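Chemist: pasting a predicted model and its sequence here:
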Amino acid sequence: MTDERTEGTYHPKPGTQTVDRSVAVLRSFEGAARQTPTEIAHRLGLSVSTAHRIVHALHATGMLAQDPATERYFLGPTTAILGRLALERMGATLLQPELTALRDGTGEAVSLGVRAGDEVAVLMHLPSVHPLRYDQPPGDRNPIHTCAMGKALLAYDDDPVAMDEPYPRYTPATIVTRADLDADLERVRERGFSVNDEERLLGVRAVAAPVRDGGGRVFAALAVQGPSVRFGDDRLPGLTEAVRAAAGRLTDLHRHLS
């Protein structure tokens with residue numbers, strides 16, 4: 001059997017190749033709303049025949065839909081239904097008022113994210129009221145070692161990052177070693193919040209706090225993000241307190257839902 005992957009695109013695990021490939025095809029739509037099987041094959045490093053086979057199977061289940069005019073595929077109704085149900089099961093729709101209150105109270109962008117391997121997937125995002133702002137719409141993914149939500153999640157997770165050292169660097173402030181990351185996560189546990197100080201994008205800072213479920217497990221992180229010109233050291237304590245308080249209320253709400 002030939003290995004159809006290309007370096008850095010697709011890494012199947014033994015015994016899970018079909019599942020991994022199907023998930024990879026679905027995730028490829030995070031970066032392109034509408035694609036042909038050939039484009040998917042090139043994006044993932046798969047053979048065109050394999051991409052066609054997986055796309056047709058997903059189309060048959062409603063996970064993908066097709067535009068008859070262009071013959072391009074896009075995420076289908078089954079995917080939308082499952083996504084909506086997942087958000088409801090997590091209580092995301094009931095958490096919206098707290099996120100809105102935090103955004104209105106700080107005037108800054110607010111995000112709720114969960115861990116997805118070595119990334120943070122954004123579940124909910126409310127943009128800042130300011131013209132100069134940092135936006136990351138739902139579905140965006142960020143490297144877990146570079147963002148405040150990622151460090152808030154990692155600090156309470158027994159599963160370390162799987163990336164080889166040095167970790168990918170995005171700015172001069174990016175943490176790139178396990179030792180430095182562990183030291184930062186220890187500070188997160190001591191303080192109860194995390195800080196992203198221009199570690200993913202120059203000029204962007206963020207603070208985040210963990211959100212726990214009914215069993216006390218950290219399942220999400222809540223963050224406030226914005227440009228460094230408005231996130232000076234003099235303002236960080238107030239933003240941090242607002243995020244921690246909101247995360248605590250989300251935790252209490254989730255306990256009542258459990």
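Modeler: It's in. Numbering: from 1, shown residues only.

Chemist: contacts for stretch 177-190, please.
Modeler: 145, 151-152, 154-156, 160-161, 165-167, 175, 194 (CB atoms under 8 Å, 6 or more residues apart in numbering). (Each C-beta comes from the backbone N, C-alpha and C, glycine too.)

Chemist: show me those that map onto strands.
Modeler: The members of those that map onto strands under DSSP state E are Ser194.

Chemist: which one of the contacts of stretch 177-190 is nearest to Glu241?
Modeler: The shortest gap between Glu241 and any of the contacts of stretch 177-190 belongs to Ser194, at 14.2 Å (CB to CB).

Chemist: and the residue lying closest to that closest one once chain neighbours are set aside, how many neighbours?
Modeler: Closest residue in space to Ser194, ignoring its immediate chain neighbours: Lys151 at 3.9 Å, by CB to CB, 6 or more residues apart in numbering. Per other CB atoms under 10 Å, the neighbour tally for Lys151 reads 27.

Chemist: okay but Lys151 is in contact with Asn196, surely?
Modeler: Yes: when contacts are counted by CB atoms under 8 Å, Lys151 is listed as touching Asn196 (7.3 Å).

Chemist: which neighbours do those two have in common?
Modeler: Both Lys151 and Asn196 are contacted by Ala208, under the criterion CB under 8 Å, 6+ apart.

Chemist: if I look at His256, what pLDDT would I see?
Modeler: Each residue has a pLDDT score; the one for His256 is 66.

Chemist: repeat for Gln17
Modeler: Each residue has a pLDDT score; the one for Gln17 is 85.

Chemist: the longest helix along the chain: how far from the chain's middle?
Modeler: As assigned by DSSP state H, the longest helix anywhere in the chain is helix 236-257. In terms of CA atoms, centre = their mean, to the nearest Å, the gap separating the centre of helix 236-257 from the centre of its chain is 19 Å.

Chemist: kindly export that helix (C-alpha atoms) in CSV.
Modeler: The C-alpha coordinates for helix 236-257 follow below in CSV (Å, rounded to 0.1, in the frame of the first residue of the first chain):
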residue,chain,number,x,y,z
LEU,A,236,-5.0,44.0,32.5
PRO,A,237,-6.0,43.6,36.2
GLY,A,238,-9.5,44.9,35.4
LEU,A,239,-9.9,42.8,32.3
THR,A,240,-8.5,39.7,34.2
GLU,A,241,-11.0,40.2,37.0
ALA,A,242,-13.9,40.6,34.5
VAL,A,243,-12.9,37.4,32.6
ARG,A,244,-12.5,35.3,35.8
ALA,A,245,-15.8,36.5,37.2
ALA,A,246,-17.6,35.7,33.9
ALA,A,247,-15.9,32.3,33.6
GLY,A,248,-17.0,31.5,37.2
ARG,A,249,-20.6,32.4,36.3
LEU,A,250,-20.4,30.2,33.2
THR,A,251,-19.2,27.4,35.4
ASP,A,252,-22.0,27.8,37.8
LEU,A,253,-24.5,27.9,34.9
HIS,A,254,-23.0,24.7,33.5
ARG,A,255,-23.3,22.9,36.8
HIS,A,256,-27.0,23.7,36.9
LEU,A,257,-27.4,22.3,33.4
